[in-house]
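Participant: Requesting a structural model of the entry that follows:
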Amino acid sequence: MSAPARYYSLLPAGDVRCELCPRYCRLRAGRRGFCFVRQNNGGLLELTAYGHPSGLHADPVEKKPLFHFLPGSQVLSFGTAGCNLACEFCQNWELSTAQDFARMAVAAAPEEVARAAVQSGCASVAYTYNDPVVFAEYAIDTAAASRERGLANVAVTAGYINPEPRAEFFAAMDAANIDLKSFSPSFYRKLTGARLQPVLDTLEYVARETDVWLEVTTLLIPGYNDSDAELGELSAWIAGHLGPEVPLHFTAFHPAHRMRGVARTPAATLARARQIALSNGLEHVYTGNVRDPEGANTYCPGCGAMLIARDWHAVTANRLNAGRCPDCGRQLAGVF
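Facilitator: Residues are numbered from 1 along each chain as shown. I've put the predicted structure just below:
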């Protein structure tokens, strides 16, 4: 199954220029873009991954990670193949680099995905595993079908997308976790093959110009993006440009893809990063991929009371009263 893609222009000699993301791939007839799932078919751009999810899985929404969006609920998660970044450290590299659609376990139209979410008792659908930007049309259509059935929509993305498609994509979403992989332009250039500024632009757009609930994740890689200076700059930028109430998740790296020789992230590094971010004014900073009760729980930014307790991705206690702290009455930022 494939479908016409949007966001492209026709060039001389039957070439097309994909305008979905800042790569602006120019494709001759029959050629695919960097992401591998967008192809020039006789002067028309097609999304070859349309309707080919890499499996459908019900997960806790905390696994995305989203800690302030319908906590304790289930989300139906799926991705496709391909990606528009080339992260040396990709934790889902089997999907992001896949060029064989035999890997796709199922075929599912948007309506079928939405129906599966309802049947699984999920409150939302998540576009994840690989980056949903590259299958934007499929995600947008599935989001519309999901909303018709009362489901919310969640994007887990690196945010590498151009302004016009960005507006349509996030209009279809209710929540997003956006990866801010580093605060270093050279890190982005060398280790992801992309640029930092378009990601910052997406983060600001979502925070300032949409009603999408936003959380941010940074995977900490020892020796690459975990210095005190960079962590301070990153967290101060989030507090100043996105708002102190935006949750930030620091997650632990494990050796993968082309960085198998790099050590796992120590729990102490995550704890240090959390303290730096809190000292820069962020109200909700979490640690992930490690068992750390303090870094997993949600606390009231007003009185410090514990509001939501978690064990890994499981919510073990939720003291919120209509989204408010039962001790001081402060409204917690999020969707509850």
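Participant: Poorly predicted segments of this protein, please.
Facilitator: In the predicted model of the chain, residues 93-105 satisfy pLDDT under 70.
Participant: need the contact list for residue 28.
Facilitator: 13-15, 40 (C-beta atoms under 8 Å, 6 or more residues apart in numbering). Just so you know, the C-beta spots here come from the backbone N, C-alpha and C atoms, and that holds for glycine as well.
Participant: just checking, residue 228 touches residue 277?
Facilitator: No. Judged on C-beta atoms under 8 Å, residue 228 makes no contact with residue 277 at a distance of 11.2 Å.
Participant: Phi first, then psi, for residue 176.
Facilitator: Phi and psi for residue 176, reported as degrees, to the nearest 10, are phi -150, psi 140.
Participant: helix, strand or coil for the closest residue in space to residue 31 that isn't next to it in sequence?
Facilitator: Using C-beta to C-beta, 6 or more residues apart in numbering and skipping residues adjacent in sequence, the residue nearest residue 31 is residue 40, 5.6 Å away. The local conformation at residue 40, judged by DSSP: H, G, I helix; E, B strand; the rest coil, is strand.
Participant: Identify the residues contacting residue 40.
Facilitator: Residues near residue 40 by C-beta under 8 Å, 6+ apart: 14-16, 27-32, 46.
Participant: most surrounded residue in these?
Facilitator: In terms of neighbours by other C-beta atoms under 10 Å, the contacts of residue 40 top out with residue 16 at 26 neighbours.
Participant: Pull up the gap between that one and residue 37, please.
Facilitator: 14 Å (C-beta to C-beta, to the nearest Å).
Participant: same question, residue 272
Facilitator: Counting by C-beta to C-beta, the gap from residue 272 to residue 37 is 39 Å.
Participant: So which of the two has more stuff around it?
Facilitator: residue 37 (27 against 16).
Participant: The more buried one contacts residue 80, doesn't it?
Facilitator: Yes. At 6.4 Å, residue 37 counts as touching residue 80 under the criterion of C-beta under 8 Å.
Participant: which neighbours do these two share?
Facilitator: Shared contacts of residue 37 and residue 80, defined by C-beta under 8 Å, 6+ apart, comprise 49, 134-135.
Participant: Using PDB, list the CA coordinates for stretch 72-88.
Facilitator: Presented in PDB, the C-alpha positions along stretch 72-88 are these (Å, rounded to 0.1, in the frame of the first residue of the first chain):
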ATOM      1  CA  GLY A  72      -1.800   5.700  33.900                       C
ATOM      2  CA  SER A  73      -3.600   5.300  30.500                       C
ATOM      3  CA  GLN A  74      -2.700   3.000  27.700                       C
ATOM      4  CA  VAL A  75      -1.600   4.200  24.200                       C
ATOM      5  CA  LEU A  76      -1.600   2.200  21.000                       C
ATOM      6  CA  SER A  77       1.900   2.700  19.500                       C
ATOM      7  CA  PHE A  78       3.200   2.200  16.000                       C
ATOM      8  CA  GLY A  79       5.800   3.400  13.500                       C
ATOM      9  CA  THR A  80       6.800   2.500  10.000                       C
ATOM     10  CA  ALA A  81      10.300   2.200   8.400                       C
ATOM     11  CA  GLY A  82      12.700   5.000   7.700                       C
ATOM     12  CA  CYS A  83      13.900   8.200   9.300                       C
ATOM     13  CA  ASN A  84      15.000  11.700   8.200                       C
ATOM     14  CA  LEU A  85      17.900  11.700  10.700                       C
ATOM     15  CA  ALA A  86      21.000   9.500  10.800                       C
ATOM     16  CA  CYS A  87      21.700   9.200  14.500                       C
ATOM     17  CA  GLU A  88      24.800   7.200  15.200                       C
END
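Participant: Can you read off the backbone torsions of residue 177?
Facilitator: Note on residue 177: backbone dihedrals following degrees, to the nearest 10 are phi -110, psi 120.
Participant: Quick check: bridge partners of it?
Facilitator: residue 156, residue 215 (DSSP bridges).
Participant: residues touching it, list them.
Facilitator: Residue 177 neighbours (C-beta under 8 Å, 6+ apart): 64-66, 154-157, 214-217, 249.
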